[in-house]
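Undergrad: Sequence first, then the predicted structure:
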Amino acid sequence: MKPDALDHLWRSPHNQPSAAQLEQNKMQFLTDLRRRHRGAVIFMIWILMVLTFITGKVAVQLLWPNPAMDRIDPAREWGFLLLLALPWACLFLFFRRYRQHRARHGDFAQSISASLRALLDENRIARDRQKWVAWLWAFMMGLMPLIVHQLRAAGKAGDEILVPAFVMLPLLMLAVFGWMLWRDRQILGPRQRHLESLLASYDGAAPPVGK
Amino acid sequence: MNSPEQHQLFDCWTREHGAILHHVAHGFAEGDDRQDLMQELLLAVWKAIPAFRHDAQPSTFIYRVTHNAAMTWQRTRRNYRRKVEQFSALMPVAEAGGAAAPDAERLEALYAAIRELPPLDRSLILLSLDGLSYRGMAALHGLSEGNVGARLTRLRQKLAITLKETCHET
């Protein structure tokens, strides 16, 4: 096929989408978008609400103790306070890493290769974030016997805390670990290899991530 | 950018530059996967709209966003099954039946040959067929003009041979 014929074929009406088909795709997309957006917003609000509610209650009890309720004694119950501080510390660290990533790849819109480098960095951050979350869970589990001991010593919990702390929480932790491992092996790992091979196709001369 | 403005631009772009999305979806995916990729392309355009600066050409912006999305697109089995079900219910019946025109057959052969290429080459040949200049392609991909030219010369030859073989076979 000659180049002219190729260009003629490319401009033929068969190579143009029909208006009806485009409209159908667009409508389907908008329905999907609304669903995704709603789901993401609900999830974020839910996590933040729970964390803020618990932290707020503890903070109020610490600052303005209610005599009718058991007083929180930081000297005796620091394990619980540490447990509460950990997710906030992680959230702060994730946010700081995200800001650093944005600063490093400020030029990501410049070209497709720059976008690919930014995406690769983002993928690496997502994998690191999973590792941090795994360590956070492991640390929380390590802290659990101490928290249970402190709460029982302070008379704020009895035997009823044993099953949630040593059976239900470890089971939940295992489920979260399993999900993170699956995501790393099935999604993030293959995506990283895919992006690395794409970048290698840019002559193999692509500058390294973050530079 | 507020949502009504985003909706307005999205509507306008999908209407005026729908051919770009169509070419990219066909150049990077086949069969039912095309619908999956088309959704990803629309999502990429939608998400990118707030970053659009009005001094730039919308078509250049759409090329960058869609080619980027197509090159990084990976089909996931779950999405694939869900979207195939949705679209097989939505697709017009007329497309399935009837003899295909010679142009349509040759186009399908051309797209099949393009899909055989590595992602970067695929993107370059699609941009070239859409009439983008070497300079435009170089800026879009972050390559030098010389590199784009050398790659495209090789790619067009390769494509011509593949299509010649396909036409002889059929």
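TA: Sure thing, it's come through. Just so you know, these numbers come straight off a predicted model, no measurement behind them.

Undergrad: Now do whichever residue of chain A sits closest to chain B, the pLDDT please.
TA: Evaluated by CB to the nearest CB, chain A has A:S111 as its residue closest to chain B, separated by 3.1 Å. The C-beta positions use only the backbone N, C-alpha and C, and glycine is treated the same way. The predicted local distance difference test score for A:S111 is 83.

Undergrad: That one against B:A139, yeah?
TA: Yes - counting by CB atoms under 8 Å, A:S111 does reach B:A139; the two are 6.6 Å apart.

Undergrad: Excluding sequence neighbours, find me the nearest residue to A:P190.
TA: Closest residue in space to A:P190, ignoring its immediate chain neighbours: B:Q74 at 7.1 Å, by CB to CB, 6 or more residues apart in numbering or on different chains.

Undergrad: touching chain A at all, the helix or strand harbouring B:S123?
TA: Assigning secondary structure by DSSP states H and E places B:S123 in helix B:119-129. Yes - counting by CB under 8 Å from any CB of the partner chain, chain A has neighbours in helix B:119-129: B:P119, B:L120, B:D121, B:S123, B:L129.

Undergrad: Quick check: closest non-adjacent residue to the second one.
TA: In space, not counting the residues next to it along the chain, B:L120 is nearest to A:S201; the distance is 4.4 Å by CB to CB, 6+ apart.

Undergrad: my guess is the one you found meets B:P119, correct?
TA: Yes - counting by CB under 8 Å, a contact exists between A:S201 and B:P119, whose distance comes to 6.9 Å.

Undergrad: Tell me which of those two has more neighbours.
TA: The residue with more neighbours, out of A:S201 and B:P119, is B:P119; 18 against 15, by other CB atoms under 10 Å in any protein chain shown.

Undergrad: quick one: contacts for the more buried one?
TA: Contacts for B:P119 were tallied using CB atoms under 8 Å, 6 or more residues apart in numbering or on different chains; they are A:L198, A:S201, B:F28, B:A70, B:M71.

Undergrad: and it, what pLDDT?
TA: The predicted local confidence for B:P119 is 92.

Undergrad: if we can go back for a sec, and the residue nearest to the residue of chain A closest to chain B when sequence neighbours are not counted, how close does it get to A:I161?
TA: Using CB to CB, 6+ apart and skipping the chain neighbours, the partner closest in space to A:S111 is B:G142 (3.1 Å). Relative to A:I161, B:G142 is positioned 57 Å away (CB to CB, to the nearest Å).

Undergrad: Of the two, which one has the most company?
TA: Applying other CB under 10 Å to B:G142 and A:I161 shows that B:G142 carries more neighbours, namely 18 against 15.

Undergrad: need the contact list for that one.
TA: Contacts for B:G142 (CB under 8 Å, 6+ apart) come out as A:Q110, A:S111, A:I112, A:S113, A:A114, A:Y202.

Undergrad: about what we covered before: roughly how far apart are the residue nearest to A:P190 and A:H101?
TA: B:Q74 sits 21 Å away from A:H101, taking CB to CB as the criterion.

Undergrad: of those two, who's got more company?
TA: Set side by side, B:Q74 and A:H101 show more neighbours around A:H101, with 17 against 11, by other CB under 10 Å.

Undergrad: Now whichever helix or strand the more buried one is part of: buried residues?
TA: Secondary structure from DSSP H and E places A:H101 in helix A:78-104. Of all the residues in helix A:78-104, those buried under the rule 16 or more other CB atoms under 10 Å in any protein chain shown are A:G79, A:F80, A:P87, A:H101.

Undergrad: Next: stretch A:134-145.
TA: Of the residues in stretch A:134-145, those with enough neighbours to count as buried (16+ other CB under 10 Å) are A:A134, A:W137, A:M140, A:M144.

Undergrad: List the ones among those that fall in helices.
TA: A:A134, A:W137, A:M140, A:M144 (DSSP state H).
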